[in-house]
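Participant: I would like to see how this sequence folds:
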Amino acid sequence: MGRMSDEVPQLPEYAEQVLDVAERIPPGRVMTYGDVAEWLGEGGPRQVGRVMALYGGAVPWWRVVRADGVLLPGHELSALEHYRVEGTPLREARRGSEDHVPRLDIRRARWDGIAGAHT
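Facilitator: Just a heads-up that it's a prediction; the model follows:
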């Protein structure tokens with residue numbers, strides 16, 4: 001076997017664009033996978049989700065979310081910690097829900113992609 005290269009593999013252009021959008025989302029705000037795709041004018045929620053799954057660890061991944069506000073399975077506690085630190089609007093878990101994990105309040109937390117927007 002040959003020696004592994006020390007070079008960092010080049011990110012696909014679409015992945016770079018998605019990660020750039022994720023980095024622009026202000027603390028305490030979120031965009032859905034579909035919002036990111038719409039903002040870029042390319043791809044769709046699945047493509048954005050795939051990019052985030054493969055490369056999202058390098059950016060504030062917790063700010064790119066499902067449209068239903070359900071936290072990323074397997075990463076709920078880590079995401080919750082970020083949301084609480086950043087003051088991201090949450091909806092408490094409904095009584096009787098099995099997991100007792102809050103959801104994002106998408107209506108209040110959603111960011112429209114305009115820098116400095118507060119609504």
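Participant: Just the CA trace of stretch 45-52, in CSV.
Facilitator: Extracted in CSV, the C-alpha atoms of stretch 45-52 (Å, rounded to 0.1, in the frame of the first residue of the first chain):
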residue,chain,number,x,y,z
PRO,A,45,-33.4,19.1,1.2
ARG,A,46,-31.9,15.7,0.6
GLN,A,47,-28.8,17.0,-1.1
VAL,A,48,-28.3,19.6,1.7
GLY,A,49,-28.8,16.8,4.3
ARG,A,50,-26.2,14.6,2.6
VAL,A,51,-23.6,17.4,2.6
MET,A,52,-24.3,18.1,6.3
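Participant: can you give me how far it is from the chain middle?
Facilitator: 10 Å (C-alpha atoms, centre = their mean, to the nearest Å).
Participant: now do stretch 66-74
Facilitator: With C-alpha atoms, centre = their mean, you get 9 Å for stretch 66-74.
Participant: mind checking the end-to-end distance for that stretch?
Facilitator: 14 Å (C-alpha to C-alpha, to the nearest Å).
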